[in-house]
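1. Predicted model and sequence follow; I will ask about them next.
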Amino acid sequence: MNYYGAKELAAAFRTVRKNTIVIAEEIGAEHYGFRPAPGTRSVAETLLHIALTPRVPYQIHAVEHLSDLAKFDFWDFFGALLVIEKTPHTKERILTLLHEEGERFAGWLESLTDEFLAEMVAMPPAVGTQKSRFEMLLGPKEHEMHHRAQLMVVERILGITPHLTRHMEARLAAMQSAKA
């Protein structure tokens, strides 16, 4: 029996995207150009990167339905996304992309069958042998969580306590109060 399928995959992705959007809303537009260190993405570039990255697995699995990643031109596809990432966008446009791209990807995830998720995809020689589509489609959520953690550090640098931290602190305070 499989306890984690397409519906759960989509729900988990939506939860991660919802938390990313809260961070994007809490950071002021005046800080979207902030870079925590030379050579890093700005807040805006990081949010655009997060918004657009699910297009890669969608292209691989939905559009091209590849069974061998050696057949995918990553650099060509990423190149087009980098152009968008480096193009200035307003905070409002970035928020729209986060919402629209996230829901488009989650809606597609939700539609997948167990058979599709179980299909094996050959990896490029440098990476390994094979992975299931399911394993590969966990990647966008994990990737987003990685970059969201970076944005939470940026929030701290900017003097913002991240919402997940505020929520945890409120739960701890309520538990302390109940115990007293």
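-> Nice, thanks for sending it over. Numbers count the residues shown, from 1 in each chain.
2. residue contacts, His31?
-> Val43, Val154, Leu158 (CB atoms under 8 Å, 6 or more residues apart in numbering). In short, each C-beta sits where N, CA and C put it, glycine included.
3. So which elements touch the worst-scoring helix or strand of the chain on mean pLDDT?
-> Lowest by mean pLDDT, DSSP states H and E among the helices and strands of the chain is helix 163-179, with a mean of 88. For helix 163-179, the packing partners by 3 or more CB pairs under 8 Å, 6 or more residues apart in numbering; DSSP states H and E come out as helix 6-26.
4. Go ahead and name everything in contact with the least confident helix or strand of the chain.
-> By CB under 8 Å, 6+ apart, helix 163-179 touches Asn19, Val22, Ile23, Glu26, Met152.
5. between the contacts of His31, which is nearest Ser67?
-> For those, the closest approach to Ser67 (CB to CB) belongs to Val43, at 37.6 Å.
6. Local confidence estimate at the closest one?
-> Looking at Val43, its pLDDT reads 98.
7. Pull the residues that contact the helix ranked longest in the chain.
-> In terms of residue count, the longest helix belonging to the chain (DSSP state H) is helix 133-157. Around helix 133-157, the neighbours that count as contacts under CB under 8 Å, 6+ apart are 9, 12-13, 16-17, 19-20, 23-24, 26-27, 31, 34, 36, 43, 46-47, 49-50, 53-54, 57, 60-61, 105, 109, 112, 116-121, 161-162, 164-165.
8. I am finished for the moment; much appreciated.
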